[in-house]
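Undergrad: coordinates only, sequence not included:
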Ligand code: FO1
């Protein structure tokens with residue numbers, strides 16, 4: 001079963017790992033969010049692509065969800081000793097990835113090529129595509145002004161109120177041609193929107209011209225998995241942001257936010273009461289992914305649901 005999945009970082013990567021186990025690797029294409037990317041201490045950092053790579057390769061830190069498990073922090077200690085900015089933690093081994101990517105970008109390689117090479121070196125056999133090779137940067141409007149995404153998310157620990165979000169550069173960005181081709185491919189049998197933050201992780205992907213239209217035109221059913229359980233996110237500020245932006249913070253509000261790009265919506269047992277009121281086909285299951293088995297079970301459930309929905313006319 002050939003599948004395309006849109007995903008952000010930690011939450012999305014959990015389902016991506018489940019899909020990776022549930023499908024032959026060659027059947028899985030992941031489209032990753034690059035709205036969180038930024039340049040820090042001269043390094044080009046792509047947190048969500050890296051989280052997916054570390055998660056699929058088994059290198060991820062199981063508690064933090066980002067970065068590597070087998071990490072040391074000598075570089076950060078050095079930065080601190082020299083009075084440098086220490087709010088964004090770059091582990092020693094993780095730093096190797098940022099150095100190689102930064103160097104390759106400077107030599108004119110595309111983010112798509114670099115990501116494919118890095119994923120290959122980590123032994124990942126599914127395809128991971130950045131949404132675009134052009135810079136798109138998520139910026140957050142707060143009552144005190146605009147913040148770059150990582151300033152809001154890591155430096156300020158998501159404390160500022162979010163009154164708006166912009167995806168800078170999106171209008172001029174070219175969608176990854178391989179991503180567009182995968183979405184349009186008649187052999188693609190399901191398009192999954194992973195349980196990532198709709199506003200911070202999925203909307204940046206949808207903001208790249210051509211991607212939303214490709215979802216609308218695809219013959220494969222588009223199925224989203226709710227990132228909220230009982231009105232709460234497993235990790236991160238999804239519920240708060242959706243509430244602050246006046247979108248509501250229920251599974252139903254996530255479904256409404258995606259609107260007519262969806263054919264199906266998977267929601268948690270805790271939200272079963274919302275099931276009947278949604279405007280698309282819905283299916284209820286346990287969506288909390290604590291173990292690898294949970295990730296695989298949710299992936300299989302979602303694929304089965306998409307298969308039952310069948311191709312769109
Ligand atoms: N998240 C944090 O909360 N604190 C960090 O210091 C941090 C460092 C970091 C370094 C590399 C990387 O790939 C990711 C990192 N993240 C960190 C996670 C990341 O910034 C966010 O989880 C995502 O951007 C949101 O999806």
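TA: Done, it's in. In this text, all values refer to a predicted model and were calculated from it rather than measured experimentally.
Undergrad: return the residues in contact with residue 110.
TA: residue 133 (CB atoms under 8 Å, 6 or more residues apart in numbering). Backbone N, C-alpha and C define where each C-beta goes, glycine included.
Undergrad: what does the one 4 residues further on give?
TA: Residues in contact with residue 114, defined by CB under 8 Å, 6+ apart, are 100, 101, 104, 105.
Undergrad: ok but it is inside a helix, no?
TA: Yes - judged by DSSP: H, G, I helix; E, B strand; the rest coil, residue 114 forms part of a helix.
Undergrad: okay, residue 274: pLDDT?
TA: pLDDT, residue 274: 87.
Undergrad: same question but for residue 90, I mixed them up
TA: 98.
Undergrad: isn't residue 142 right next to residue 161, touching?
TA: Yes - using CB atoms under 8 Å, residue 142 makes contact with residue 161 at a distance of 5.9 Å.
Undergrad: still on that earlier bit, how about TSV for the contacts of residue 114, with secondary structure and neighbour count added?
TA: Below are the contacts of residue 114 laid out as TSV (DSSP: H, G, I helix; E, B strand; the rest coil; neighbours: other CB atoms under 10 Å):
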residue	secondary structure	neighbour count
100	helix	15
101	helix	23
104	helix	18
105	helix	17
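Undergrad: closest one of these to residue 51?
TA: Ranked by distance to residue 51 (CB to CB), the contacts of residue 114 are led by residue 101 at 14.1 Å.
Undergrad: contacting residues around the closest one?
TA: 43, 44, 46, 111, 114, 118 are the contacts of residue 101 under CB under 8 Å, 6+ apart.
Undergrad: please name the residues that touch the closest residue to the ligand within the stretch 201-313 of the chain.
TA: Using CB to the nearest ligand atom, the closest approach of the stretch 201-313 of the chain to the ligand is made by residue 201 at 6.1 Å. Residues counted as contacts of residue 201 (CB under 8 Å, 6+ apart) are 7, 8, 9, 12, 33, 35, 36, 48.
Undergrad: where's the dip in pLDDT among those residues?
TA: residue 9 (92).
Undergrad: list the contacts of that residue.
TA: Neighbours of residue 9 in contact, by CB under 8 Å, 6+ apart: 33, 36, 47, 48, 51, 52, 65, 66, 196, 201.
Undergrad: which of the residues you listed fall in helices?
TA: Residues of those located in helices (DSSP state H): 47, 48, 51, 52.
Undergrad: list the buried residues in the longest helix anywhere in the chain.
TA: The residue-count maximum for a helix in the chain (DSSP H) belongs to helix 292-309. Of the residues in helix 292-309, 294-303, 305-306, 309 count as buried by neighbour count, 16 or more other CB atoms under 10 Å.
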